[in-house]
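Enquirer: model this:
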Amino acid sequence: MNELFREIELKMKHAVDHFHDDLKHLRTGRASLAILDGVQANYYGTPTPLSQLANLSVPDPTLIVAQPYDPSVIGEIEKAIMSAELGLNPSNDGKVVRIPIPQLTEERRKDMVKRAHDFAEGTRNTIRQARREGNDQLKEMEKEKQIGQDEEHRGMDEMQKLHDHYIAETNKTLENKEKDILTV
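Expert: Below is the predicted model:
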């Protein structure tokens, strides 16, 4: 039964970790290198993460600078950032790519909060599904007389506690991100 709890908790934890990762990609109006995490540029025919092609830095809260290790890929880096649909307009001076982070409009902020809520709801659904799978497995174990009814009920209570913990963590993370997005 402990193996079952570990398996279900791992699924719930993975869902929350994925949620944290999704939120990193939402722009908050401040420069963060996490915005560029999923962006890949074409480097001699191979999609390569920007962090492997350039030294990325944040000199001030409204600017990201990418200094390519190989100056010949500066155009590819620029093209990759524009095609990533992040709402960013990079420019280069032949040596570095400057990526200004525009201030968010109120409408854009509300849209981002809505996307964050969508990510959170997907995470909650995954957590609920994991709880449901765990409860179904407990019922099956009881049916096959591997555990007693008391153990099944204790197991379901434990499953509910896991569920509540990860739902609360998701809600707290969403609340913090929402404050971050709406704060000017």
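
Enquirer: Could you use CA atoms for every contact and neighbour count after this?
Expert: Will do.

Enquirer: and stretch 122-129, how far from the chain's centre?
Expert: Per C-alpha atoms, centre = their mean, to the nearest Å, the displacement of stretch 122-129 from the mean C-alpha position of its chain is 15 Å.

Enquirer: in that stretch, what counts as buried?
Expert: Going by neighbour count (16 or more other C-alpha atoms under 10 Å), the buried part of stretch 122-129 is 123, 124, 126, 127, 128, 129.

Enquirer: Which ones among these lie within strands?
Expert: Applying DSSP state E to the buried residues of stretch 122-129, no entry is found in strands.

Enquirer: now, which of these sits nearest residue 71?
Expert: The shortest gap between residue 71 and any of these belongs to residue 123, at 41.0 Å (C-alpha to C-alpha).

Enquirer: What's the end-to-end length of stretch 49-67?
Expert: Start-to-end span of stretch 49-67 (C-alpha to C-alpha, to the nearest Å) is 14 Å.

Enquirer: And for the helix or strand containing residue 52, what's in contact with it?
Expert: Using DSSP states H and E, residue 52 sits in helix 50-53. With contacts defined as C-alpha atoms under 8 Å, 6 or more residues apart in numbering, helix 50-53 is touched by 36, 37, 39, 40, 41, 68, 69, 70, 77.

Enquirer: repeat for stretch 63-82
Expert: The contact list for stretch 63-82 (C-alpha under 8 Å, 6+ apart) reads 31-33, 36, 39-43, 50, 53-59, 88-92, 94-101.

Enquirer: buried subset of the residues you listed?
Expert: Taking 16+ other C-alpha under 10 Å as the criterion, what is buried in the contacts of stretch 63-82 is 31-32, 36, 39-43, 50, 53-54, 56, 58, 90, 92, 96-101.

Enquirer: ok, then the element right after the lengthiest helix in the chain?
Expert: The residue-count maximum for a helix in the chain (DSSP state H) belongs to helix 106-143. Following the chain from helix 106-143 toward its C-terminal end, the next helix or strand by DSSP H and E is helix 149-182.

Enquirer: I'd like the mean pLDDT over that following helix, please.
Expert: The pLDDT scores in helix 149-182 average 93.

Enquirer: How is the chain divided into domains?
Expert: Domain assignment for the chain by automatic domain parsing gives 2-25+105-182, 33-100.

Enquirer: least reliable of those going by mean pLDDT?
Expert: Taking the mean pLDDT of the domains of the chain, domain 33-100 comes last: a mean of 88.

Enquirer: which element follows the helix holding residue 52 toward the C-terminus?
Expert: Next helix or strand after helix 50-53 toward the C-terminus (DSSP H and E): strand 54-60.

Enquirer: who does that following strand touch, helix- and strand-wise?
Expert: Applying 3 or more C-alpha pairs under 8 Å, 6 or more residues apart in numbering; DSSP states H and E, one finds that strand 54-60 contacts strand 63-68.

Enquirer: Next, the angle from the strand it packs on to strand 54-60.
Expert: Computed by axes from the mean of the first three to the mean of the last three C-alpha atoms, to 10 degrees, the angle separating strand 63-68 from strand 54-60 equals 160 degrees.
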